[in-house]
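[1] What would the 3D arrangement of this be:
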Amino acid sequence: MHVTTEPQTKTDPRTVPTLAKALFRQLREQGLSSTQIVSLSSELIDMVSSDMRRETRHVAE
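    Purely as a prediction, here's the structure:
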């Protein structure tokens, strides 16, 4: 049985790239360096990964 934790809503495929561009521009305007943005991105990936692991464990129980 395949269980997904992804929302089942239909969204415009341009939404995520548009949001990413806007966030990147805002971070640069706030003075963050490329290194800081990469570090932030890494932290976000770690948080999402942890959240996905928790959801997977919760579904398996």
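[2] Tell me how many other residues crowd the closest residue to I37 other than its chain neighbours.
    With C-beta to C-beta, 6 or more residues apart in numbering as the criterion, I37 has its nearest non-adjacent residue at 5.4 Å, and that residue is L27. C-betas here are computed from N, CA, C, even on glycine. Neighbour count for L27, taken as other C-beta atoms under 10 Å: 16.
[3] Not counting its own residues, what contacts the one helix or strand L27 maps to?
    L27 is part of helix 15-29 when elements are defined by DSSP states H and E. Applying C-beta atoms under 8 Å, 6 or more residues apart in numbering, the contact partners of helix 15-29 are 36-37, 40.
[4] What about those, which are in helices?
    Those of the contacts of helix 15-29 mapping onto helices are 36-37, 40, per DSSP state H.
[5] Columns neighbour count, pLDDT and distance to E55 on top of the residues you listed, output as TSV?
    Output for the ones in helices among the contacts of helix 15-29, formatted as TSV (neighbours: other C-beta atoms under 10 Å; pLDDT from 0 to 100; distance: C-beta to C-beta, whole Å):
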residue	neighbour count	pLDDT	distance to E55
Q36	13	98	29
I37	14	98	27
L40	13	97	23
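[6] Tell me the one among the residues you listed nearest to S50.
    L40 (15.9 Å; C-beta to C-beta).
[7] Just the pLDDT for the residue nearest to I37.
    At L27, the pLDDT value in this model is 98.
[8] Next, work out how far apart it and M47 are.
    For L27, the distance to M47 equals 17 Å [C-beta to C-beta, to the nearest Å].
[9] go on, L32?
    L32 is 18 Å from M47, by C-beta to C-beta.
[10] repeat for T56
    15 Å.
[11] Kindly report the same for F24.
    18 Å.
[12] neighbour count winner among these two?
    Neighbour count, other C-beta under 10 Å: between F24 and M47, F24 has more, with 13 against 10.
[13] returning to that earlier point: distance from the chain centre to the helix holding L27, please.
    12 Å (C-alpha atoms, centre = their mean, to the nearest Å).
[14] Thanks a lot, catch you later.
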